[in-house]
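Structure of the sequence below:
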Amino acid sequence: MNKPKEKLYRKENWTAQKHKGHGKLGSEYRYDRNTKAMNNFEADHKSMKKMRHGYDYTPLFRFLFSKVGQLWDEVYSEAKSRLDKEDPIFWMVKFDNVHDMSPTFRCGENSSYSTLTVDKEGLLRFIDENALPWPPSCTCCTYTFNGKVITRDDYPEGYNIDASL
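Just a heads-up that it's a prediction; the model follows:
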C-alpha cells in the first residue's frame, strides 16, 4: 500500500497564543459575546470553520528550494496536488518582469526567502542566488532567510545595514 505524500503546509500552533473566545483574536470577541448568534451553538461553530488563519507554508518553500534546476511543470503539478490552494506557490515563483523584481520576498514579519522563476528551458531557477534579505532591524527578534537564522553579523564587511532600513 502506498503511503500518501505529506502536505506542503501545516497549521501553526495557536495553543500558545493568547487569543480569546471561539477563534477570534483580541478585542473582537467582546463585540459578539452576548449576541443571539453567539448563544446559538450552530451559528458559533459555522463561523469557526470559515476562518483560515494559522497556516504555515514553510514546507512548501523547502520543497521548492529542493526542486531548483528541475522541470517546472513536474514541480508545479506535485506541489499543487499537496496544497490546500495554489496561491502560496506564486508568492515564491514569479514570471513577469523578473529583472524588475526583488530577489527576495517577505513571508511574515521576520522571515524572508529567495524568489524563484522559470527560465526559457522550463527549469526552476533563483532570480539571484547571491541575494541578501532585508537586514535584521533589532537584536531581540529572530530573523530567518531561506529557513536559516540570520543576524547582523552575516552581512559582508562594509555593508551599511542602517542605510538599508
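
how much space between the closest residue to residue 80 other than its chain neighbours and residue 124?
Computed as CB to CB, 6 or more residues apart in numbering, the closest residue to residue 80 that is not its neighbour in sequence is residue 86, at 5.7 Å. Every C-beta, even on glycine, is put in place using the N, C-alpha and C of the backbone. In this view, residue 86 and residue 124 are 16 Å apart by CB to CB, to the nearest Å.

wait, doesn't the residue nearest to residue 80 sit right on residue 77?
No - counting by CB atoms under 8 Å, residue 86 stays clear of residue 77, with 11.1 Å between them.

returning to that earlier point: okay, residue 86 and residue 124: which has more neighbours?
residue 124 (21 against 10; other CB atoms under 10 Å).

quick one: that one and residue 75 touch, right?
Yes - contact criterion CB under 8 Å: residue 124 and residue 75 qualify, at 5.7 Å.

Quickly list what's touching both of these two.
64, 67 (CB atoms under 8 Å, 6 or more residues apart in numbering).

In the chain, what helix or strand scores lowest on average pLDDT?
helix 41-50 (a mean of 45; mean pLDDT, DSSP states H and E).

what's the average pLDDT for the very next helix or strand once past that one?
Per DSSP states H and E, the first helix or strand lying C-terminal to helix 41-50 is strand 55-56. Averaging pLDDT along strand 55-56 yields 84.

name the helices or strands packed onto the next helix or strand after strand 55-56?
Once strand 55-56 ends, the next helix or strand along the chain (criterion: DSSP H and E) is helix 58-66. Judged by 3 or more CB pairs under 8 Å, 6 or more residues apart in numbering; DSSP states H and E, helix 58-66 is in contact with helix 72-81, helix 89-92.

contacts for the next helix or strand after the shortest one?
Translated: helix 89-92. Counting by DSSP H and E, the next helix or strand C-terminal to helix 89-92 is strand 93-94. With contact meaning CB under 8 Å, 6+ apart, strand 93-94 is reached by 64, 72, 101, 115-118, 124, 127.

That'll do, ta.
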